[in-house]
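> Compute the structure for the input listed below.
(one chain, ligands or ions: 1)
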Amino acid sequence: MELHKSSLVADLHCDTALRMLQGIQISVRDTSGHVDIPRLREGGVDLQVFACFISTNHPKDDCADYVHRMLDTLEAQFERNKANIAICTKAKEAEEIINSGRIAGFLAIENGVAIENNLEELKNFYKRGVRYLTLTHTSSNDWCISSGDENPESFGLTDFGREVVKKMNELGMIIDVSHASESAFWEVLKVTTDPIIASHSCVYALNPHDRNLKDEQLKALAKNGGMVGINFFPAYLSKEFNEKLTNAWEKSKKEKETLLNKYKDDQKKRREVYHQIWEEIKEELKGIKVGLSLVVDHIDYIVNLVGVDYVGFGSDFDGVTFLPSGLEDCSKLLEITKELVRRGYSESDIKKILGGNFMRVFREVCDK
Ligand SMILES: [Zn+2]
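Have a look, this model is predicted:
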């Protein structure tokens, strides 16, 4: 507990911004979600990344405005809670906020569609304090191929995609390759002059999922001076869980095929059907438990492969349907520290994993 409290604890990814846009107050303890100020305090979280998620299918001419509305909500809620939380735009600023006893809120965007293929929009988001951009999501956008769409002909990034990477380097904005295809990953590394992150991904060797990173990618990330935030989603952590989830998904989807075809052109109705599918899957898989030690297995793997300087965690809280037992929300992060202690990690190594590694990248990219 003492070690956890004295460490800078950083979570590299949550999707709470969307809930806030829908009206949830970050100041109120609300167990229908995973993240709020009271529980961030309990979990000893010092820096929380708030990713503004936007779908690739979002109406093209409303993408930037939509993310600005989400940022408005974050700003307004943080302002109302300024005794507890403040936006950080530099590592130095984050440290000042944390030393004053508050939580540093880090603004991010998940999916490059937000910039509407326009570098000026990227600049606008930087000016508002956004400090990382996840290039793509589960389906590709105009300039970056998603890990969900990879095929032998994938080009990774377009010329414009390379311009985005260069502009992010120039501005001092962290490039996030979670959700990016392997081809995009390698293209980014060819262009970037700064360290990059995979904010919420796991290890492919432990679970061959397209969202996870292969050994060669992990080695290249380490060489680049970047890092990975281990995702808590059981389907990325565990091969067995992922197989069960995929089977349940296929089965439910098949049963709903007629409905999905019927609402082919009605996005709202389709979303309702998908919601039903998820509810059925939740019911079917609720008995299957994945332990939090699995998160630390993924951390261990990276430490053994490339060293202790390149790993942390990106929970994906409020963005996932399932979580490991013992890690049900952000108040439980002490459990990771306990498991690291149990496995014999030194205090200085634990501090690196809990937040030190992310702070190194943050400083290097954003404080220059
Ligand atoms: Zn994500």
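
> May I see the buried residues of whichever strand or helix holds Glu364?
Using DSSP states H and E, Glu364 falls within helix 357-366. Neighbour-count burial for helix 357-366 flags 357-362, 364-366 (criterion: 16 or more other C-beta atoms under 10 Å). In this view, the C-beta of every residue, glycine as well, is placed from N, C-alpha and C.

> Export those residues to CSV and append columns for distance to Gly161.
Formatted as CSV, those follow (distance: C-beta to C-beta, whole Å):
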residue, distance to Gly161
Asn357, 26
Phe358, 24
Met359, 28
Arg360, 26
Val361, 21
Phe362, 23
Glu364, 22
Val365, 18
Cys366, 21
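
> nearest to Thr192, of those?
The nearest member of those to Thr192, counting by C-beta to C-beta, is Val365 at 9.7 Å.

> any chance you could map the helices in the stretch 201-350 of the chain?
215-224, 234-237, 239-255, 257-262, 267-285, 293-306, 334-342, 347-351 (DSSP state H, counting those that start in this stretch).

> so which of those helices is the most packed in?
helix 234-237 (a mean of 26; mean count of other C-beta atoms under 10 Å).

> so for that helix, what's the average pLDDT?
Here helix 234-237 scores 97 as its mean pLDDT.

> ok, residues contacting it?
Residues from elsewhere that reach helix 234-237 (C-beta atoms under 8 Å, 6 or more residues apart in numbering): 201-202, 206-207, 209, 211-212, 231, 241-242, 245, 290, 294-295, 297-298, 322-324.

> what's Val67 in contact with, if anything?
So Val67 contacts 52, 54, 109, 114, 125 (C-beta under 8 Å, 6+ apart).

> pLDDT score for it?
The model's pLDDT for Val67 equals 98.

> Now the phi/psi pair for it, please.
Here is the backbone geometry of Val67 (degrees, to the nearest 10): phi -70, psi -40.

> got it, and the one 3 residues further on?
With angles defined as degrees, to the nearest 10, Met70 shows backbone torsions of phi -70, psi -40.

> Look up how far Leu21 lies from it.
Separation of Met70 from Leu21 (C-beta to C-beta, to the nearest Å): 5 Å.

> Quick one: distance of stretch 284-302 to the chain centre.
17 Å (C-alpha atoms, centre = their mean, to the nearest Å).

> cool, and stretch 117-130?
So, by C-alpha atoms, centre = their mean, the centroid of stretch 117-130 is 19 Å from its chain's centroid.

> Could you do stretch 182-200 as well?
15 Å.

> List the buried residues for that stretch?
182-189, 191-192, 194-200.

> again with stretch 85-94
For stretch 85-94, the neighbour count (16+ other C-beta under 10 Å) marks 85-91, 93-94 as buried.

> same thing with stretch 140-156?
The neighbour-count check on stretch 140-156 (16+ other C-beta under 10 Å) flags 140-141, 143-147, 150, 154, 156 as buried.

> For it, which outside residues touch it?
With C-beta under 8 Å, 6+ apart, stretch 140-156 has contacts from 56, 111-113, 117, 135-139, 157-158, 160-161, 164, 179-188, 210-211.

> Correct me if wrong, but Gln48 is in a helix.
No - counting by DSSP: H, G, I helix; E, B strand; the rest coil, one finds Gln48 to be strand, located in no helix.

> Now do the same contact list for it.
Here Gln48 is in contact with 10-11, 14, 35, 40, 103-106, 330 (C-beta under 8 Å, 6+ apart).

> Ok, Ile288 next?
Per C-beta under 8 Å, 6+ apart, neighbours of Ile288: 241, 244.

> so what's it scoring on pLDDT?
Ile288 is given a pLDDT of 85.

> Repeat that for Ile174.
98.

> and it, what does it touch?
131-133, 168, 194-197, 361-362, 365-366.

> Need the residues you listed in CSV (columns: pLDDT and distance to Leu221).
Formatted as CSV, these follow (pLDDT from 0 to 100; distance: C-beta to C-beta, whole Å):
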residue, pLDDT, distance to Leu221
Arg131, 98, 19
Tyr132, 98, 15
Leu133, 98, 17
Met168, 98, 16
Asp194, 98, 12
Pro195, 98, 8
Ile196, 98, 7
Ile197, 98, 8
Val361, 98, 10
Phe362, 98, 16
Val365, 98, 14
Cys366, 98, 18
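
> between the residues you listed, which is closest to Glu216?
Relative to Glu216, the closest of the contacts of Ile174 is Ile196; by C-beta to C-beta it sits at 15.0 Å.
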